[in-house]
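Asker: can you look at this prediction? I've put the sequence above it.
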Amino acid sequence: MPLRAKVASSVSRTAAALSRAAGRGDGSVIGGWIGLKIDPELLAHLAAGRSVALISGTNGKTTTTKLTVAALEGLGRVATNAFGANMPTGHTSALAKAGATPYAVLEVDEHYLARVLDETRPRAVALLNLSRDQLDRAKEVAMMAQMWREALAHHPGVHVVANADDPMVVWAAQRSGAVTWFSAGQRWHDDSWVCPECGGAIERAGGDWRCTSCPLRRPRPHWVVEEDGVVDPTGAWHQVKLQLPGTVNIGNAATALAVAAQFGVRPADAVLRLSSVTSVAGRYAQVERDGRLIRLLLAKNPASWLEAFDMAEAAPTLLSINARDPDGLDTSWLFDVDFSPLYGRRVLITGDRAYDLAVRLQVNGIPFEHVTTFADAIAAVPPGRLEVIANYTAFQDIRAELDRVN
Ligand SMILES: [Zn+2]
């Protein structure tokens, strides 16, 4: 690395360590920020010489990143932004901290994909899905797909691993030089009824989809989720044994296997490594407290709430909603979520914006009880399982109450 980059990298590590020592989080944002101030090309310097995979999309990127790291670790050391700091500051900090590693797997905020592609020159990029997210901050879905499409056009040599079940992702990846398609299913369809190419209607039948007015249609996938396993491009089926719940995570595993294959890892070898992943930054963690087996599920936007309902067992369920800065300030997205899967379950609600949730549940005809604290929720339910579904800062609050379970 050039001298300037070496200095920047060293200062970045020190700043991050000081921030951690001062108890101000993991320090990756401030460390990366300072490093990039000293050398604006620091991320490019740090990425040079490593084989990089990028993972982007609205939902599932933290989990898929962690699964991909597990799949690649058989090859050698892998640098990653494990704390979910998924903008260039976080990437810079992660690579500076990791030192020399042959591989890097980076979770990338979908808004920053173009820049991170330019700077890290990855071997592969995985595109998971695009759906509506924080209303006061995120771009409209079709705009995001357009940004991805243009960004990928500048990098014809990057191998794209993309979700065949999401029309927006397919359109974004369509013109790339080399694409591996995976089918991980898509429960949420409400951001892709209109064709991004021509504005025509998209028609769905079973898992298939096509535009009714132009040739855009679902490509034939190379990797497919089948029951509790994944079929690889040769037709071989691999059972996937995960410590993470839900079909959505089998889909994330399929993506990780498809990315790992681009690095020469055979699926039969990679699949065994995936079972080592337990929780992801506290998500899916199970904790026992006073005889209650509590499981934490993070759900941040309408698509991820649908997935969380699918993962949660039919047990008492606590929903917690905040609307602080990291959550997005606008809670009207609650009206995009269909809460009817909760019929018949005992539902408790809490969080700063529990009353917004109360209105939504009332409209949906779901009975609920309001509790002011997490401790009250535990006291209110009988011993046994308690499912907790919370959005970002509400999830962090509950984690803090459970002593930062991991
Ligand atoms: Zn069309």
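Answerer: Right, received. Where do you want to start?

Asker: which element follows the longest helix anywhere in the chain toward the C-terminus?
Answerer: Ranked by number of residues, the top helix in the chain under DSSP state H is helix 3-21. Using DSSP states H and E, the helix or strand that directly follows helix 3-21 along the chain is helix 28-38.

Asker: quick one: work out the angle between that following helix and helix 3-21.
Answerer: Put simply, helix 28-38 runs at 150 degrees to helix 3-21, going by axes from the mean of the first three to the mean of the last three Cα atoms, to 10 degrees.

Asker: which residues of the stretch 151-300 of the chain lie near the ion?
Answerer: Contact residues, the stretch 151-300 of the chain versus the ion (Cβ under 5 Å from the ion): 195, 197, 198, 200, 211, 214, 216. Yep, even glycine has a C-beta here, placed from its N, CA and C like the rest.

Asker: in stretch 143-158, which residues are buried?
Answerer: For stretch 143-158, a neighbour-count test (16 or more other Cβ atoms under 10 Å) marks 144, 145, 146, 147, 148, 149, 151, 152, 155, 158 as buried.

Asker: go through stretch 245-254 and flag the buried ones.
Answerer: So for stretch 245-254, counting by 16+ other Cβ under 10 Å, buried means 245, 246, 247, 248, 249, 250, 251, 252, 253, 254.

Asker: ignore what I typed, I meant stretch 4-15.
Answerer: 5, 8, 9, 11, 12, 13, 15.

Asker: can you pull the contacts of the last one?
Answerer: Okay, so that is residue 15. 27, 30, 31, 34, 35 (Cβ atoms under 8 Å, 6 or more residues apart in numbering).

Asker: buried subset of those residues?
Answerer: For those, a burial check counting by 16+ other Cβ under 10 Å picks out 27, 30, 31, 34, 35.

Asker: looking at the residues you listed, which is nearest the ion?
Answerer: Checking these against the ion by Cβ to the ion gives residue 35 as the nearest, at 43.8 Å.

Asker: isn't the closest one right up against residue 4?
Answerer: No - counting by Cβ atoms under 8 Å, residue 35 does not reach residue 4; the two are 10.7 Å apart.

Asker: quick one: the strands in the stretch 101-250 of the chain, in order.
Answerer: For the stretch 101-250 of the chain, applying DSSP state E, counting those that start in this stretch gives strands covering 103-108, 124-127, 159-163, 178-183, 202-205, 208-211, 223-226, 229-231, 237-239.

Asker: tell me what the last one is packed against?
Answerer: So that's strand 237-239. strand 229-231, helix 267-274 (3 or more Cβ pairs under 8 Å, 6 or more residues apart in numbering; DSSP states H and E).

Asker: alpha carbons of the last one, as CSV, please.
Answerer: Taking C-alpha atoms only, helix 267-274 is exported to CSV below (Å, rounded to 0.1, in the frame of the first residue of the first chain):
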residue,chain,number,x,y,z
PRO,A,267,-21.4,-26.9,-2.3
ALA,A,268,-20.9,-30.3,-0.5
ASP,A,269,-18.0,-28.7,1.5
ALA,A,270,-19.6,-25.3,2.0
VAL,A,271,-22.9,-26.6,3.2
LEU,A,272,-21.4,-28.3,6.3
ARG,A,273,-19.9,-25.0,7.4
LEU,A,274,-23.2,-23.2,7.3
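
Asker: and that helix, how far out from the chain's middle?
Answerer: 20 Å (Cα atoms, centre = their mean, to the nearest Å).

Asker: and it, what's buried?
Answerer: Buried, per 16+ other Cβ under 10 Å, within helix 267-274: 267, 270, 271, 273, 274.

Asker: again, but for stretch 291-311
Answerer: For stretch 291-311, a neighbour-count test (16+ other Cβ under 10 Å) marks 292, 294-309, 311 as buried.

Asker: which of those fall within helices?
Answerer: Per DSSP H, the subset of the buried residues of stretch 291-311 in helices is 302, 303, 304, 305, 306, 307, 308, 309, 311.

Asker: the third one and the ion, how far apart?
Answerer: Just to be clear, that refers to residue 304. Separation of residue 304 from the ion (Cβ to the ion, to the nearest Å) stands at 27 Å.
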